[in-house]
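**Student:** structure of the sequence below:
(one chain, ligands or ions: 2)
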Amino acid sequence: MAAPRLWSVSRLLGIQATLRCGSRVYSTSQAFAEVLQLPKSKLTKLVFPLQELERHLLPAWRSELHLNIFDPSLQDIARAESFFTHSERNRIEYLSSAVRLDHAPDLLRPEVCFIGRSNVGKSSLIKTLFSLAPEVEVRVSKKPGHTKKMNFFKVGKYFTLVDMPGYGYRAPEDFADMVETYLKERRNLTRTFLLVDSVVGIQKADHIAIEMCEEFSLPYVMVLTKIDKCSKGYLLKQVLQIQKFVDSKTQGCFPQLFPVSAVTYSGIHLLKCFIANITGNLKSL
Ligand SMILES: Nc1nc2c(ncn2[C@@H]2O[C@H](COP(=O)(O)OP(=O)(O)OP(=O)(O)O)[C@@H](O)[C@H]2O)c(=O)[nH]1
Ligand SMILES: [Mg+2]
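**Tutor:** Ligands and ions are numbered 1, 2, ... in the order given. Below you'll find the predicted structure:
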């Protein structure tokens, strides 16, 4: 499925628009203003993919998906967009790369990192989160094992995102030293996003990563990538299976799953809002 065309120009320009919703007036990117104009069914599919899946479940099964734990309003999602929009006053930029924790930038602001098997779509997801900062270069590749270092990106004065090398196939030799030490010792690490490919589900290497997050008592969140590659029925089956695993086998994992696509942008706005919230930037939520 192609990315909605209405996004392309405004996304590049990162235009701000003023919207009125009820009695409140607020500012958002032109891109999100256009999303708000979509018919309800399309908007739900794009912004709340889990909600869209839930509609196809029998009523008795609906509560299984825990989609009301993080359930922001469209206004909150619009507000969160501004953190991810590059401007002179909100500079989004690549900071540095590191192969050892003591080479990581010394920052006090909250940090979130993205881990997962090689090729699961970590760099693509970050690139998509930065679609309103097109000058930020995030390298993606078809070849697994592309990202070799921990890459730090600054989002204004608010938080830092870290793109990690992948584990499993073609992982860098120093992966364990680099990533485990980072996860265990990085003091400003606020949340770890563990990406799982929605097509193949949780694999052996993911179980090792999950065990590591549990052992280090990290608060982590499971993000299901590449949902554009799944039919609705297949995705529903995968989501229910992964949800069951999270509910029964994990302690530190956030109960709500975040399905996303870097191709259709499905789930991306909600994830931006979640990141803005957990880093303490959407205080009213
Ligand atoms: N269809 C589809 N393809 C995706 C999506 N996200 C990533 N890909 C593709 O998956 C491949 C790997 O993407 P990357 O973002 O480089 O994966 P990575 O997890 O950073 O991989 P490493 O750096 O090697 O660990 C690329 O060919 C991407 O185009 C998605 O949401 N949908
Ligand atoms: Mg990568």
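
**Student:** what about residue 188, how many neighbours?
**Tutor:** The number of residues packed near residue 188 is 15, by other Cβ atoms under 10 Å. In this view, the C-beta of every residue, glycine as well, is placed from N, C-alpha and C.

**Student:** that one contacts residue 112, doesn't it?
**Tutor:** No. Counting by Cβ atoms under 8 Å, residue 188 does not reach residue 112; the two are 9.8 Å apart.

**Student:** shared neighbours of those two, anything?
**Tutor:** residue 160 (Cβ atoms under 8 Å, 6 or more residues apart in numbering).

**Student:** quick one, strands of the stretch 101-250 of the chain?
**Tutor:** Ranges of strands within the stretch 101-250 of the chain are 111-116, 150-155, 159-163, 189-197, 220-225, based on DSSP state E, counting those that start in this stretch.

**Student:** and of those strands, who's closest to residue 271?
**Tutor:** strand 220-225 (7.0 Å; Cβ to Cβ).

**Student:** ok, residue 241 to residue 90 distance?
**Tutor:** Using Cβ to Cβ, to the nearest Å, one obtains 39 Å as the distance from residue 241 to residue 90.

**Student:** check residue 240 too.
**Tutor:** On the measure of Cβ to Cβ, residue 240 and residue 90 end up 39 Å apart.

**Student:** same check on residue 151?
**Tutor:** Computed as Cβ to Cβ, the residue 151 to residue 90 distance reads 20 Å.

**Student:** could you list the low-confidence segments of this protein?
**Tutor:** 1-28, 284-285 (pLDDT under 70).

**Student:** near ligand 1, which residues of it are found?
**Tutor:** 116, 118-124, 140-142, 144-147, 165-166, 225-226, 228-229, 261-263 (Cβ under 6 Å from any ligand atom).

**Student:** which among those end up buried?
**Tutor:** For those, a burial check counting by 16 or more other Cβ atoms under 10 Å picks out 116, 118-124, 140, 145-147, 165-166, 225-226, 228, 261-263.

**Student:** check these against ligand 2, which are close?
**Tutor:** Intersecting these with the contacts of ligand 2 gives 122-123, 146-147 (criterion: Cβ under 5 Å from the ion).

**Student:** give me the contact list for stretch 85-102.
**Tutor:** Residues contacting stretch 85-102 (Cβ under 8 Å, 6+ apart): 14, 16, 29, 82-84, 103-105, 130, 132-138, 148-156, 160, 172, 174, 177-178, 181-182, 185-186.

**Student:** just the ones of the residues you listed in helices?
**Tutor:** When DSSP state H is applied, the contacts of stretch 85-102 are split such that 82-83, 181-182, 185 fall in helices.

**Student:** among these, name the buried ones.
**Tutor:** Using 16+ other Cβ under 10 Å, the buried ones in the ones in helices among the contacts of stretch 85-102 are 82-83, 182.

**Student:** and the nearest residue to residue 135 once chain neighbours are set aside, how many residues sit next to it?
**Tutor:** Leaving aside its sequence neighbours, residue 135 sits nearest to residue 86 (Cβ to Cβ, 6 or more residues apart in numbering; 6.9 Å). Residue neighbour count, defined by other Cβ under 10 Å, stands at 18 for residue 86.

**Student:** for residue 153, what are its contacts?
**Tutor:** By Cβ under 8 Å, 6+ apart, the neighbours of residue 153 are 92-95, 126, 130, 136, 138, 160-163.

**Student:** separation between it and residue 126?
**Tutor:** Relative to residue 126, residue 153 is positioned 7 Å away (Cβ to Cβ).

**Student:** please enumerate the shared neighbours of those two.
**Tutor:** Joint contacts of residue 153 and residue 126 (Cβ under 8 Å, 6+ apart) are 138, 161, 163.

**Student:** and which of those is nearest to residue 278?
**Tutor:** The nearest member of the shared contacts of residue 153 and residue 126 to residue 278, counting by Cβ to Cβ, is residue 161 at 12.2 Å.
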